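A.B. asks: what's the 3D shape of this:
(chains A and B)
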Amino acid sequence: MGKGKGKGKQRKQIILPPELPPEIADDDIEVSDEDLKFLDENKDYAGFVSRLDTHSINKQVTRVEGVNEDALEALYEKRRRKTLEHKENEKSVVQVDPVDALPVKSLDGEVYYRTFSQTAEVTENEGDIDKSVVKLTKAERRAKLKKTKKEAKKMGKELAKTEEVQPTQQEAALAEVKEDLTAEEAFEAKKRKLAELGMALLADPEANIKSLKEMLQFAKDGDHSIVKLGLLSLLAVFKDIIPGYRIRLPTEKELEMKVSKEVKKMRFYESTLLSAYKGYLQKLLALEKQPRFHHVVVRCICTLLDAVPHFNFRESLLVAVVRNIGSSDDVVRRICYSTIKSLFTSEGKHGGEATVEAVRLIADHVKVHDCQLHPDSVEVLMSLSFDDDLGKPEVQEGNNKMKNKKNKKRKNFEESNQPQGNDRKRSKQETIAKMKEEVAADYKAVSYTPDVEERKRMQSETLSAVFETYFRILRHTMQSSVASSEANGNIISDGSGAHPLLAPCLSGLGKFSHLIDMDYIGDLMNYLKRLAARGSSSDSSAQKVQNLTVSERLRCCIVAFKVMRSNLDALNVDLQEFFVQLYNLVLEYRPGRDEGEVLAEALKIMLCDDRQHDMQKAAAFIKRLATFALCFASAESMAALVTLKQLLQRNVKCRNLLENDAGGGSVSGSIAKYQPYGSDPSLSGALASVLWELNLLSKHYHPAISTLASGISSMNSAQNQVYISISPQQAFKNLLLEAESFRYNQQGCTQKSNKRKGRSIALASTLASVEPPPIDENEVSKKLRRHFILLRDIKENERLRGELDRTASALLLYEEYKKQRKPATLTNKKSKKAKTTVGM
Amino acid sequence: MRPLDEKETTAVFEKIFKFTGNNLKNIVENPSHEGPDKEPGRYCFRLHKNKVYYVSDSLVKRATNVARTKLASIGTCVGRFTHGGNFHLTIECLNLLAANAKHKVWLKPTSEMSFLYANHVLKGGLGRITESIAPGDGVVVFSMSDLPLGFGVAAKSTQDCRKLDPNAIVVLHQADIGEYLRMENQHEHIIEE
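C.D. replies: Modelled structure (predicted):
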């Protein structure tokens, strides 16, 4: 055991503190048989060795050593690890040593039990690991079991012995430990049994298929953790042994037929597997409703669906997963979400049938729940992928066939023209062709890939379900808002809360816009138009309609444009209504509340990507964006300015806005005066105004904006410039990122503006009136925090001081009370008497 | 010269409404800055020799000085009543319609000339089209550089336009600015009358 030697070594260490002796691994220390014998004979001596606190000794040494701190820490760590190792070695020694060595430990009872149970656990864990990693042969396992049983027996004997020896005061504790031990043992035994069964099944599923039922019994256990373990281990087993095909139980007719032994065996195997699987699923579905098992069950179901989507009873699995995809529990929802997603992305596993079913189920789910679900449940549909080229190869094939036929015909024709001598040759050719056809048919039947027709059908089915869902959500959003507004107009809705599915629905529509049937587009655009118009002031004045948020309405516009663009390459449709909406939405936008990215995207898609614009409309947008850029944060105004610049570049006539004479001249159209509050961009008369905003913007605190603004205002004079254009989205993102770093530079900027103030007060004052001097929020929050901390400290101080005073006065009072106690008792009596008299 | 009676007014407004939709309000309420008055006046419709004119109030007042037989034209001619009592818009009202148009069609540069020779607008010549046009709506025709070229009646809705072949008619021709040259004589003739 090396303890005797170790002791001496440690003593030495104490004597020679500065230099650590070379570390000797425990394995290296040889233990002579004499030592062992000595130990066995004189157990009393060995006791102190086991109690020896090596750790503290080591500590002492290291403290003396006095190296720099890092090294010290590393050393500590090393030590600790070493001691741990040492302990473990001890344990293993205990297990492996002959019987005689054990009593060494039994001297102090509690230590003995603990170590033993630990060792037992260790061995078990090892066994588990072994089981999971390496498949043990049966013989080995049996040997191991025997061993553990033996040990348990031994332990029992020793337990009895020690009980006799132990004084009575420890009996209670012992009994408790024993109870725990038995419960734990039962648990362990069950666990072991489960693992054994599972291992056996995995090793040879055909032979051990019956034990599936046994395992299934565990799932009905009273102990929850055993049930969970049972479910999980069954999951692992099923995942492994379920075959790559769908089991079809033989019909009665088939059963009557005589079959070979092997087929019978196979049939039995399959039917047992299927029935066990069915039982398992039923158990899962039953347990799903109990909140205690919910997580485990959902995980099991999801893993099964993910692993074996081709197998029987997929429908019930799908139903369960779809039911949980809108769950309020984040974990459950995420699992279901990722499962369905993987189902969609790996269609090869199940040939696409599961996709169709899942989408259909989601559609029904949305229908049943009246569109009140978590957005995830519809967002899943985004991960669907549709093969656009599905129709093409088939067409080609058809063409080929046609050609072949033609060729054949021609050949036949030629051949028929030829004299009859070639008859034999022709018949030979025909037979060859027939053979080829047969082979091809066989191949088709055998190969797993479903033919194009089938895939096409499934895809169209999926698509129709997806769009049904989307349209249902859109319709529901429209109807529900109207209905609720009729019910009570006072509801102040927070958009996304009322229509949780609208956002993923819109993004899905945008993604699959190229797949929408032409016939639906009209209706879709109608819906989108009405949704985008929802909440505009003209509507809501007449009837308090539940408003959508600005972001949602912007999204509607974006989707409309995407749909139009992806479907109508040839025809350029001018979506005037949506432009009107955007024109008004720009005014309603609020930086904190609404999503700037959506606005930037809308600006890009609607204004930058559209090549042709009405002159009046473009001018109106230019004017409004300039106004917008004045009032909002740098990122938004940058996006607006970039759009403005692109509009000006495209529409040369609109550059009249840059000239310094109001009125617009002949181009201003019928409206002679600019109407800033007009809701129709083509009637705003923006051409009659001047872009004075650019002048103010060129003095913007943000350098990028000021340079861009001054660049735009000089656009007219400097002809033939080379324009570098970035999208408003990009500009928005850039500035948003920059905003963080920019805040730190702002102090310098404000100082500059102060200087400018000194030079021209009037200018600076106008500047200040338009845009309040930039405030560093971080700085302010820091100062505020400091201030409040100070305030709180003062209050705390006061409170503490008050308490101190109070306790001091209390003490004083108490002392006084003590002093006066003797006379007080007298007075008390008197007063009591007085009271009694009063009572009478 | 006289104001329109009720029947005539509905005929005129219905016709213009086809082109402008609710923007008809803008045409009627458009303030006029003609004449010496500080207050902006109004525009009104006047009938003179079967023709309907869009005139400012102040001009109407001053036109009373001219004898009815001698008055050839006043303000903007919008259209004329046929002998059958129908109202037809004429090309002179193009600017009025273009400023307030609800449905627009933009022509590709290649097909501009064809339209200016009084041909219908074919799908192939379509550069751009406003969404949500229904058949029968009044449509103002523009060049790609936003110059109003004329107007007509939609033959097909925007949705249907997608499936059409390039030779199908999208907008039926009613009037175009080519008339100013093509029918120069006729116009002079009318004025001389």
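A.B. asks: could you check the pLDDT of residue 70?
C.D. replies: By default, I'm working from chain A. Residue A:70 carries a pLDDT value of 67.
A.B. asks: let's do chain B instead
C.D. replies: Reported pLDDT for residue B:70: 86.
A.B. asks: list the buried residues for stretch B:165-182?
C.D. replies: B:169, B:170, B:171, B:173, B:174, B:175, B:176, B:177, B:178, B:179 (16 or more other Cβ atoms under 10 Å in any protein chain shown). Yep, even glycine has a C-beta here, placed from its N, CA and C like the rest.
A.B. asks: before we move on, what about stretch B:111-130?
C.D. replies: Using 16+ other Cβ under 10 Å as the test for burial, stretch B:111-130 gives B:111-112, B:115-116, B:120-123, B:125-130.
A.B. asks: narrow those to those in strands?
C.D. replies: Secondary structure assignment by DSSP state E places B:121, B:122, B:126, B:127, B:128, B:129, B:130 of the buried residues of stretch B:111-130 in strands.
A.B. asks: quick check: the gap between the fifth one and chain A.
C.D. replies: Looking back up the chat, that one is residue B:128. As for residue B:128, its distance to chain A is 4 Å (criterion: Cβ to the nearest Cβ, to the nearest Å).
A.B. asks: which stretches of chain B form strands?
C.D. replies: B:2-3, B:43-48, B:51-56, B:76-81, B:87-89, B:104-107, B:121-122, B:126-130, B:138-143, B:148-154, B:169-176.
A.B. asks: just so I know, which of the ones you listed lies nearest residue A:188?
C.D. replies: Distance to residue A:188, taken as Cβ to Cβ, is lowest for strand B:126-130 among the strands of chain B, at 78.6 Å.
A.B. asks: helices or strands next to that closest one in the packing?
C.D. replies: strand A:573-574, strand B:104-107, helix B:158-161 (3 or more Cβ pairs under 8 Å, 6 or more residues apart in numbering or on different chains; DSSP states H and E).
A.B. asks: partners of that strand in the sheet?
C.D. replies: strand A:573-574 (parallel), strand B:104-107 (antiparallel) (DSSP bridges).
A.B. asks: domains in chain B, by residue range?
C.D. replies: B:2-96, B:103-181 (the TED database).
A.B. asks: and the ones you listed, which is most packed in?
C.D. replies: A comparison of the domains of chain B by mean neighbour count, using mean count of other Cβ atoms under 10 Å in any protein chain shown, puts domain B:103-181 on top with a mean of 19.
A.B. asks: pLDDT weak spots in the stretch 701-840 of chain A?
C.D. replies: Along the stretch 701-840 of chain A, the model assigns pLDDT under 70 to residues A:716-725, A:739-776, A:822-840.
A.B. asks: thinking again about what came up before, would you format the helices and strands packed on strand B:126-130 as TSV with mean pLDDT and distance to residue B:40 included?
C.D. replies: Output for those, formatted as TSV (pLDDT from 0 to 100; distance: least, Cβ to Cβ, whole Å):
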stretch	mean pLDDT	distance to residue B:40
strand A:573-574	72	32
strand B:104-107	90	28
helix B:158-161	81	38
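A.B. asks: distance to residue A:557 added to those, as TSV?
C.D. replies: Listed next are the helices and strands packed on strand B:126-130 as TSV, based on distance: least, Cβ to Cβ, whole Å:
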stretch	distance to residue A:557
strand A:573-574	14
strand B:104-107	19
helix B:158-161	18
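A.B. asks: out of the ones you listed, nearest to residue A:516?
C.D. replies: Nearest of those to residue A:516, taken as Cβ to Cβ: helix B:158-161 at 12.7 Å.
A.B. asks: just to revisit the earlier point, got the strands of chain B as a markdown table, with distance to residue A:709 columns?
C.D. replies: Shown next, in a markdown table, are the strands of chain B (distance: least, Cβ to Cβ, whole Å):
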| stretch | distance to residue A:709 |
| --- | --- |
| strand B:2-3 | 52 |
| strand B:43-48 | 40 |
| strand B:51-56 | 41 |
| strand B:76-81 | 41 |
| strand B:87-89 | 45 |
| strand B:104-107 | 32 |
| strand B:121-122 | 42 |
| strand B:126-130 | 31 |
| strand B:138-143 | 32 |
| strand B:148-154 | 34 |
| strand B:169-176 | 42 |
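A.B. asks: what's the closest of these to residue B:70?
C.D. replies: Between the strands of chain B, strand B:43-48 lies closest to residue B:70; by Cβ to Cβ that is 11.4 Å.
A.B. asks: picking up where we left off before, among the buried residues of stretch B:165-182, which one lies nearest to chain A?
C.D. replies: residue B:170 (9.9 Å; Cβ to the nearest Cβ).
A.B. asks: quick one: pLDDT of that closest one?
C.D. replies: 89.
A.B. asks: how long is stretch B:13-26 end to end?
C.D. replies: 12 Å (Cα to Cα, to the nearest Å).
A.B. asks: what does it contact?
C.D. replies: The contact list for stretch B:13-26 (Cβ atoms under 8 Å, 6 or more residues apart in numbering or on different chains) reads A:670, A:683, B:27, B:78-79, B:87, B:89, B:93, B:97, B:100-103, B:136-140, B:151, B:153.
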